[in-house]
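# next input, structure requested:
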Amino acid sequence: MATFKMSHSSDRRTLIQEKRKLMEDKRMSMGMKSFCASFIGSQFRPSDEPRYSFSTMTKRHRSDKQLVDVNYEETDEEVYEPIYQTVFADDRDPVHEPTFSKHRIPLQIRCLERYHNSKREYAQQFKREIKLLIDNQSTAENAWQFVRTMAYTSLWPPLHTRKELKMFEKDFCKLSPTEQHRFNKIMSTNFC
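Below you'll find the model as predicted:
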């Protein structure tokens, strides 16, 4: 098995070296510099030797000889086996799936949801009734007068919520910047 891995890795290494050489030849044929030209020189060519370029680094230093123990014997590693073995039986584990049958939604949340639903239904009912009232007018003139009366421009507050009236006051009745400047100037002038 170990020889198969070593031969496989050496085959892979030679394939990679061949690919690098082909890429280098392609770069040189297209007039580009070598990818190693920046730090080695433009005349660099990958070596054709199938050995490592760092083979000199695998040798030991001369001063290491004094540290080598001649009588050293490598012993086999002891495999630790625990006394008590854990038996894994996944079938015995209880299944804890969440159940929401006992879960109670807080009253505050339920009331808030009911309030929003009622508010939406009330608004839809209000729009439906206004539409029916417009459709049931006898003439077109009565219909447009009714629409004008029910519009946002009317001063009939019971038809609108306080929030809608605030939006109307804030956005619709706004003066342009020049008008606002003129209004401020008139208000600040003392005519007495």
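# tell me how the protein divides into domains.
Domains of the chain are assigned by automatic domain parsing as 1-46, 107-187.
# closest to residue 72 out of these?
domain 1-46 (23.0 Å; CB to CB). Every C-beta, even on glycine, is put in place using the N, C-alpha and C of the backbone.
# for the most centrally placed residue in the chain, which three-state class applies?
Centroid-nearest residue in the chain, with CA atoms, centre = their mean: residue 98, separated by 27.9 Å. Secondary structure, DSSP: H, G, I helix; E, B strand; the rest coil: residue 98 is coil.
# gap between it and residue 125?
Using CB to CB, to the nearest Å, one gets 39 Å for the distance from residue 98 to residue 125.
# where in the chain is pLDDT low?
Along the chain, segments meeting pLDDT under 70 span 1-9, 31-57, 95, 152-160, 173, 192.
# show me where it has its helices.
For the chain, the helices defined by DSSP state H cover 2-29, 107-135, 140-150, 162-167, 177-188.
# tell me which of these lies nearest to residue 90.
Judging the helices of the chain by CB to CB, what sits closest to residue 90 is helix 2-29, at 33.8 Å.
# list the buried residues in the closest one.
Using 16 or more other CB atoms under 10 Å as the test for burial, helix 2-29 gives residue 24.
# closest one to residue 81 among the helices of the chain?
helix 2-29 (25.0 Å).
# ok, now how distant is residue 129 from residue 181?
44 Å.
# please apply the same query to residue 78.
93 Å.
# who's more crowded, those two?
residue 181 (11 against 6; other CB atoms under 10 Å).
# make CSV out of the helices of the chain and add distance to residue 63.
Shown next, in CSV, are the helices of the chain (distance: least, CB to CB, whole Å):
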stretch, distance to residue 63
helix 2-29, 31
helix 107-135, 78
helix 140-150, 103
helix 162-167, 88
helix 177-188, 87
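# out of those, flag the one nearest residue 62.
Taking these one by one with CB to CB, helix 2-29 is closest: 29.5 Å.
# follow-up on the earlier one: make JSON lines from the domains of the chain and add distance to residue 62 to it.
Listed next are the domains of the chain as JSON lines, based on distance: least, CB to CB, whole Å:
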{"stretch": "domain 1-46", "distance to residue 62": "29"}
{"stretch": "domain 107-187", "distance to residue 62": "81"}
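# identify whichever of those lies nearest to residue 93.
Closest among the domains of the chain, using CB to CB: domain 107-187, at 34.7 Å.
# end-to-end on that closest one?
53 Å (CA to CA, to the nearest Å).
# just to revisit the earlier point, closest to residue 91 out of the domains of the chain?
Taking those one by one with CB to CB, domain 1-46 is closest: 35.0 Å.
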